[in-house]
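In: Provided below are the primary sequence and the corresponding predicted coordinates.
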Amino acid sequence: MKKMILTSLLISCVFVGSEQVMAVESVTTEGTATLEALEEGEAGSVAPILPDPDNSGGTGQTGLLTIDAVPQFDFKGEGLSGTFTDTLTASQSAANYTRNAQVTDRRGTGEGWSLGLNISPFKSNGTALRGMTMSIPVSVSPVNGNASNAPSIVNNIQGIVDTTNGLDAGPIVVAESGEGLGTWVTEFQNAEVTISDGNVAGAYHSTFTWSLSALPVGE
């Protein structure tokens, strides 16, 4: 009598109707995807996703953690006091531009980051504008199909612009550990300031200083 020996395959028989079907046991393999971050010196600038038509090039910052674009506000109203709203130029309006700040984190570590803002007093010929209160709503959104967790802390810009110290808006957006990888856009819409009566007429100017820290606040 002949004996059949099965060596490498385990075979089971299934009968479907009057036919015999031979089912071969499955075999698994493993796939690998390797992601490598750029070296600091290899990371060029990132173009703004929502470019300002009056400054389409952005900041030009290079590196693995960068501020790619920041906005410039222009508050306009009537008279010497009241509410003055942020006003776009004709080219900005035609392009449906929204004021925004763009941050890109290409470190690939998930360490997190913090975007801060400090606003100096508004001055005209050395004279500071008195009685100014600022209100700028803030929202954050990913771009280019970014799948990272969104920054968990988003703060509106709100407060009195002091004649000496201006306004420290503090951290506007904070990406904690495991958040904010890739490119993120912080949008500023419906920005306005309220100005009290009693100021001299003139064009008042301020410096907005945007800062990006490599670690989230409190870490």
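Out: Yep, that arrived. Residues are numbered from 1 along each chain as shown.
In: for the lengthiest strand in the chain, what is the average pLDDT?
Out: If you go by DSSP state E, the chain has its longest strand at strand 167-175. The predicted model gives strand 167-175 an average pLDDT of 96.
In: mind listing the strands the helix or strand just after that strand pairs with, and their directions?
Out: Per DSSP states H and E, the first helix or strand lying C-terminal to strand 167-175 is strand 182-188. For strand 182-188, the paired strands and their directions (DSSP bridges) read strand 100-105 (antiparallel), strand 138-142 (antiparallel).
In: now, of those strands, which is deepest in the fold?
Out: Highest mean neighbour count of the strands paired with strand 182-188: strand 100-105, a mean of 25 (counted as mean count of other CB atoms under 10 Å). The way it works is simple: take the backbone N, C-alpha and C, and place the C-beta from them, glycine included.
In: wait, is Glu36 part of a helix?
Out: No: Glu36 is assigned coil when assessed by DSSP: H, G, I helix; E, B strand; the rest coil, not a helix.
In: where's the nearest residue to it once chain neighbours are set aside, which helix or strand?
Out: Closest residue in space to Glu36, ignoring its immediate chain neighbours: Gly108 at 7.8 Å, by CB to CB, 6 or more residues apart in numbering. Element membership for Gly108, per DSSP H and E: none, as it lies in no helix or strand.
In: check contacts around Gly108.
Out: By CB atoms under 8 Å, 6 or more residues apart in numbering, the contact list for Gly108 reads 35-37, 181.
In: phi first, then psi, for it.
Out: Note on Gly108: backbone dihedrals following degrees, to the nearest 10 are phi 70, psi 20.
In: quick one: it from Ala175, how far?
Out: 14 Å (CB to CB, to the nearest Å).
In: residues contacting stretch 36-56, please?
Out: 57-64, 66, 68-69, 71-72, 89, 91-92, 94-95, 97-100, 102, 104, 106-109, 143-144, 183, 185, 187.
In: in PyMOL, how would I select just the buried ones from those residues?
Out: The following PyMOL line selects those of those that are buried, judged by 16 or more other CB atoms under 10 Å:
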select buried, resi 58+59+61+63+64+66+68+69+71+92+95+97+99+100+102+104+106+107+183+185+187
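In: so which of the contacts of stretch 36-56 are in helices?
Out: Counted as lying in helices by DSSP state H, out of these, are 91-92, 94.
In: related to what we said a few turns ago, which of the contacts of Gly108 ranks first by neighbour count?
Out: Among the contacts of Gly108, the one with the most neighbours (other CB atoms under 10 Å) is Leu181, at 22 neighbours.
In: tally of neighbours for the spatially closest residue to it that is not a sequence neighbour?
Out: Closest residue to Leu181 apart from its sequence neighbours, by CB to CB, 6+ apart: Ser148 at 3.9 Å. Applying the criterion other CB under 10 Å, we find 16 residues in the vicinity of Ser148.
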